[in-house]
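*Asks:* structure, please.
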Amino acid sequence: MRRRVWAPIGERPLALGHHRYEWLYVTAFVQPTGGETVWYLSDGVSKPFFEKLLADFAETVGAGKQRRIILVLDNAGWHGEVGLAVPEGLRLVFLPPYTPELQPAERLWPLVDEPIANRCFETLADIDAILADRCRQLINDQSKVAQKANFAWSPKPSQPK
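*Replies:* Numbering: from 1, shown residues only. Below is the predicted model:
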């Protein structure tokens, strides 16, 4: 990133900086009307990783022949169906491009970010610990999650007869 810096006339400006980035990704699978959520924290994303995430999610929620789950996804590169092994019981439905406001999980990020907003951390592990604790709190507060994730037009889950 380029930006202006002050320097005496005729001298080359010096701009010291130490840019370093570490990333922590929060993935949420949410049932909008009830607030049931499965959270994952990771330090990277890729299509092979997403496959494993889907497999773990399917096992966690019991997806299969008896329980079918429709996942609404954005069009992130690692979500694409081409070459993606989708576990039995899961069906992926993709939102139109540039429509994050239609994704129920997108509305959860302010809830997740509350404990880390406007704070500095020494290590990624510090943030990981705080976010993991926050996700556990939200698992136990399904009504708060449902208030954020549920749209009036969301389809209601059906119970098999």
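
*Asks:* pull the CA atoms of stretch 53-66 into CSV?
*Replies:* Taking C-alpha atoms only, stretch 53-66 is exported to CSV below (Å, rounded to 0.1, in the frame of the first residue of the first chain):
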residue,chain,number,x,y,z
LEU,A,53,-15.1,-29.7,6.6
LEU,A,54,-18.2,-30.9,4.8
ALA,A,55,-17.5,-34.5,5.7
ASP,A,56,-17.1,-33.6,9.4
PHE,A,57,-20.2,-31.4,9.3
ALA,A,58,-22.3,-34.2,7.7
GLU,A,59,-21.1,-36.7,10.4
THR,A,60,-21.7,-34.2,13.2
VAL,A,61,-25.3,-33.4,12.3
GLY,A,62,-26.1,-37.0,11.1
ALA,A,63,-26.7,-36.2,7.4
GLY,A,64,-27.3,-39.2,5.2
LYS,A,65,-30.1,-41.2,3.7
GLN,A,66,-32.4,-40.4,6.6
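
*Asks:* switch to numbering from 822
*Replies:* That works, and once the first residue is 822, the last one we named lands at stretch 874-887.

*Asks:* and that stretch, which residues are buried?
*Replies:* 874, 875, 878, 879, 882, 884 (16 or more other CB atoms under 10 Å). All C-beta spots, glycine's among them, are computed from the backbone N, C-alpha and C.

*Asks:* surely the fourth one touches residue 909?
*Replies:* If I follow you right, that is residue 879. Yes: using CB atoms under 8 Å, residue 879 makes contact with residue 909 at a distance of 7.5 Å.

*Asks:* okay, and the common contacts of the two?
*Replies:* Here residue 879 and residue 909 share the contacting residues residue 885, scored by CB atoms under 8 Å, 6 or more residues apart in numbering.
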